[in-house]
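>>> only geometry, no sequence info:
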Ligand SMILES: Cc1ncc(COP(=O)(O)O)c(C=O)c1O
Ligand SMILES: N[C@@H](CCCC[NH3+])C(=O)O
């Protein structure tokens with residue numbers, strides 16, 4: 001819950017954000033456990049308890065730490081991972097392996113080996129090459145691997161083009177040409193190492209209407225019908241992906257989960273009975289919708305530059321390194337001056353990051369009270385695809401992540417130090433015959 005105290009400071013979940021900035025430093029990702037739990041419980045209420053034979057997974061690419069795995073596990077969701085790194089994090093956090101689903105369009109032999117040896121629940125197979133790797137590894141380890149095939153439904157979705165995934169011309173999934181997909185299913189059915197469980201589609205991310213999900217349902221269920229008629233194959237599971245959008249600006253609409261789920265489930269039931277099929281297990285895998293609004297990023301304001309008659313640039317101590325979404329997708333955010341919540345807003349400013357890039361602009365036209373260096377800027381709804389997409393560009397240090405709950409705050413991820421930047425670096429001997437001794441660096445490090 002967002003609030004303010006008598007000192008005019010922004011309070012989130014009982015924590016004074018100005019104190020958090022002081023205690024943990026900035027930039028700081030602040031993550032509300034309560035908000036994540038509320039979202040997980042809404043999933044339970046609207047989807048899992050409302051419809052039988054359903055499963056919900058958290059798409060960990062949106063935000064993953066070992067602590068996040070613990071929250072997701074406690075809330076009874078499964079986990080969607082998309083890389084060896086995400087899988088490793090989940091395994092180190094002791095996440096139940098049978099509840100993990102492994103996505104990705106080019107999983108390596110080593111990544112698949114880790115998945116199969118640890119007996120994770122499902123591998124979502126994206127292409128024939130991957131299928132062959134899985135078979136080889138399964139034979140070697142004498143394991144049976146349960147798979148879903150990712151299909152490309154060939155539907156468009158209304159979002160930034162970099163985050164549409166269901167269109168025909170996509171790097172993800174198996175094209176729905178009849179001979180290609182039939183061949184894929186035949187291969188899986190005839191392999192002793194493979195359990196052919198069903199299909200997956202994911203149409204895109206940050207969606208505010210449900211038409212592309214519905215179109216994809218029609219296509220997937222028609223495929224199920226054809227495969228039943230042609231091969232006698234009964235689909236047991238249908239994973240409908242994630243993509244549910246969240247608001248970023250003050251006046252953006254906020255879609256309830258029901259807005260997405262009800263029409264999706266109604267359509268699935270309709271099509272299943274129209275084709276006289278048996279109902280498969282239905283899965284969803286939202287990421288952003290679970291964690292996006294649980295995150296707030298705190299920055300300290302530094303230089304302020306006015307270009308008379310044009311604009312005022314207010315620079316913060318982070319930027320595209322901790323939130324690349326504005327520069328990558330033109331994403332818009334909203335924020336407040338966390339230590340001046342009761343002060344009247346008097347002007348509009350442009351919030352600039354500190355990277356050496358003109359495009360490193362976090363927000364344009366943010367209304368603010370009179371501000372000075374040292375004020376704290378809070379940017380809302382940064383929980384998804386911020387920390388997980390952060391970089392060390394310009395040798396910036398990655399920010400700390402703090403978990404808050406009911407007035408308490410604890411570090412989830414430590415802030416990087418300069419030594420972290422050098423970890424793994426070597427100065428090759430061929431650059432110098434002499435022994436190179438590390439020099440001492442003075443300053444506040
Ligand atoms: C396969 C898959 N599942 C789930 C998601 C989660 O998407 P979102 O965070 O938009 O819910 C993604 C990302 O777009 C994805 O690629
Ligand atoms: N990184 C994207 C979402 C990608 C979803 C993965 N397919 C974003 O920040 O909006």
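Sure thing, it's come through. Because the structure is a prediction, the values reported are computed rather than measured. Numbering: from 1, shown residues only. Ligands and ions are numbered 1, 2, ... in the order given.
>>> Where do the helices of the stretch 201-350 of the chain begin and end?
211-231, 257-274, 288-291, 325-329 (DSSP state H, counting those that start in this stretch).
>>> Put together CSV for these, with distance to residue 186 on each row.
Just so you know, the C-beta spots here come from the backbone N, C-alpha and C atoms, and that holds for glycine as well. What follows is these, written out as CSV (distance: least, CB to CB, whole Å):
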stretch, distance to residue 186
helix 211-231, 7
helix 257-274, 23
helix 288-291, 36
helix 325-329, 39
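>>> can you list the ones you listed in CSV and add distance to residue 9 and mean neighbour count?
Listed next are these as CSV, based on distance: least, CB to CB, whole Å; neighbours: other CB atoms under 10 Å:
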stretch, distance to residue 9, mean neighbour count
helix 211-231, 41, 19
helix 257-274, 32, 17
helix 288-291, 24, 29
helix 325-329, 26, 18
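>>> For ligand 1, find the nearest of these.
Closest to ligand 1 of the helices of the stretch 201-350 of the chain is helix 288-291 (CB to the nearest ligand atom; 3.6 Å).
>>> Give me the distance between residue 291 and ligand 2.
12 Å (CB to the nearest ligand atom, to the nearest Å).
>>> let me fix that: residue 386
8 Å.
>>> who's in contact with that residue?
29, 63, 295, 297, 322-323, 325 (CB atoms under 8 Å, 6 or more residues apart in numbering).
>>> run the last query once more with 10 Å
Contact partners of residue 386, counting by CB atoms under 10 Å, 6 or more residues apart in numbering, are 27, 29, 62-63, 291-292, 295, 297, 318, 322-325, 333, 379, 399, 401.
>>> now residue 435
Taking CB under 10 Å, 6+ apart, one finds residue 429 in contact with residue 435.
>>> Ok, residue 190 next?
residue 196.
>>> Dump the helices of the stretch 201-350 of the chain into a markdown table; add distance to residue 55 and mean pLDDT as well.
Shown next, in a markdown table, are those (distance: least, CB to CB, whole Å; pLDDT from 0 to 100):
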| stretch | distance to residue 55 | mean pLDDT |
| --- | --- | --- |
| helix 211-231 | 16 | 96 |
| helix 257-274 | 13 | 97 |
| helix 288-291 | 15 | 98 |
| helix 325-329 | 29 | 97 |
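>>> out of those, nearest to residue 104?
Closest approach to residue 104 among the helices of the stretch 201-350 of the chain (CB to CB): helix 288-291, 18.4 Å.
>>> Please determine whether that closest one lies in contact with ligand 1.
Yes - residues of helix 288-291 are located near ligand 1 by CB under 6 Å from any ligand atom, namely 288-289.
>>> and that helix, what does it pack onto?
For helix 288-291, the elements it packs on are helix 33-43, strand 54-59, helix 66-74, helix 257-274, judged by 3 or more CB pairs under 10 Å, 6 or more residues apart in numbering; DSSP states H and E.
>>> Distance from it to the middle of the chain?
8 Å (CA atoms, centre = their mean, to the nearest Å).
>>> Equivalent analysis for stretch 363-370, please.
The chain centre lies 28 Å from the centre of stretch 363-370; the measure is CA atoms, centre = their mean.
>>> Quick check: nearest residue in space to the residue of the stretch 51-200 of the chain found nearest ligand 2, chain neighbours excluded?
Across the stretch 51-200 of the chain, no residue is closer to ligand 2 than residue 163, which sits at 4.6 Å (CB to the nearest ligand atom). Distances taken as CB to CB, 6 or more residues apart in numbering place residue 205 nearest to residue 163, at 4.2 Å, with adjacent residues excluded.
>>> close enough to count as contact, that neighbour and residue 59?
Yes - the criterion here is CB atoms under 10 Å, and residue 205 meets it with residue 59 at 9.0 Å.
>>> anything in contact with each of those two?
In terms of CB under 10 Å, 6+ apart, residue 205 and residue 59 are both contacted by the residues 241-243, 286-289, 384.
>>> now these in CSV, with distance to ligand 2?
CSV is the format used below for those (distance: CB to the nearest ligand atom, whole Å):
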residue, distance to ligand 2
241, 9
242, 8
243, 8
286, 11
287, 7
288, 7
289, 12
384, 7
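>>> If we ignore the residues flanking it in sequence, what's nearest whatever residue of the chain ends up closest to ligand 2?
Nearest residue of the chain to ligand 2 (CB to the nearest ligand atom) works out as residue 385 at 3.1 Å. The shortest distance from residue 385 to any residue other than its chain neighbours is 5.7 Å, reached at residue 62 (CB to CB, 6+ apart).
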